[in-house]
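# sequence first, then the predicted structure, then my questions.
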Amino acid sequence: MRHRNKINSLGRKAAHRKETMASMATALILNKRINTTVAKAKALRVYVEPLITRSKVDSTHSRRMVFSYLKNKHAVSELFREIAQKVADRPGGYTRILKTGYRKGDAAEMCFIELVDYNTAMLKTEEETQQKRTRRGRRRGKKTKDEDQVKVASQEAAAEAPVAPEEEISETEAPQKEKTSKDKTGEEVSPKEKIDEDQSKEEAPDKEDAEPEKPADK
C-alpha cells in the first residue's frame, strides 16, 4: 500500500524515473520550454525548481550537487550563468504549466512547461495589466452614480415641463408688424411709402432751383 507516499512513479522504477527527470530537466534548462504530459510536467516541476534555487549561490559545492542530478555539464553552466541571474529576484515559482489539450493516440492530457522569466509575451501582458490597474474607492463610485441619476432626472423633468404659450405661437400665426415712421405732418408712414417718395423727389427737380428762361429779343 502507498500510505504517505506522494511520489508519482509515472509507471517506471526508481532508476528509470530519475533518468527521465534528469533528461527532461536538461531539456527545459537548455530550451526554456518543452511539451509533455501534465503528469510528467508536475513531477518535473518538483524536481527542477530546487535545482534553480540552489543555482542562486554560485559555488563549487552547488555546481557539483546540481551536476549529480542533471548529469550534463552544458545544462549546469547554462543554469548558473544565465538562468540564475534572471531569476535572482524571484522567490520561487520559476516554472509555468500551460495545458494544450489531449493527445490523439491515448487521450493523455498535454501541456507546455516553461520558465516564467523567458516568456516575453506573457511578461508584456502582465506589465500592461499592472499599469491599467487603478485604485478607486467605493465612495467615489457611489457619488458618480448619484450624480448621473440627478442629471437624468433633471433632463426628464425639463422634457416633461409644459411649454410657455408665447413659444407655441408660430411665425405664420403672428406676423411681425412693419415698422412705421411719422411724417412731418404727424401721420404714420411705412418704410416702403417713404422710399417711393424719396425716389420721386430725386426724379422731379424743384421748380425753385430751375432758372427762368430769358425772353427772346424782338
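In hand now; what should we look at?

# which element follows the helix or strand containing Ser77 toward the C-terminus?
Per DSSP states H and E, Ser77 falls inside helix 73-78. On the C-terminal side of helix 73-78, the closest following helix or strand by DSSP H and E is helix 84-86.

# now do the buried residues in that following helix.
Residues Ala84 are the ones in helix 84-86 that count as buried (16 or more other Cβ atoms under 10 Å). Using the backbone N, CA and C atoms, a C-beta is placed for each residue, glycine as well.

# quick one on the thing from earlier: I'd like to know which elements the helix holding Ser77 is packed against.
Packing contacts for helix 73-78, counted by 3 or more Cβ pairs under 8 Å, 6 or more residues apart in numbering; DSSP states H and E, involve helix 14-31, helix 60-70.

# need those helices in a markdown table (columns: distance to Arg4).
Putting those into a markdown table (distance: least, Cβ to Cβ, whole Å) gives the following:
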| stretch | distance to Arg4 |
| --- | --- |
| helix 14-31 | 17 |
| helix 60-70 | 24 |
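
# out of those, nearest to Val46?
Val46 sits nearest to helix 14-31 of all the helices and strands packed on helix 73-78, at 9.0 Å, using Cβ to Cβ.

# got the angle between the closest one and helix 60-70?
Using axes from the mean of the first three to the mean of the last three Cα atoms, to 10 degrees, the inter-axis angle of helix 14-31 relative to helix 60-70 is 110 degrees.

# residues contacting helix 14-31, please?
Identification of contacts with helix 14-31 by Cβ atoms under 8 Å, 6 or more residues apart in numbering yields 9-10, 12, 34, 36, 40, 43-44, 47-48, 51, 69-72, 74-75, 78-79, 83, 95, 113-115.

# got it, and stretch 48-67?
The contact list for stretch 48-67, computed with Cβ under 8 Å, 6+ apart, reads 25, 28-29, 69-70, 73, 76, 79-80, 83-84, 87-88, 92-95.
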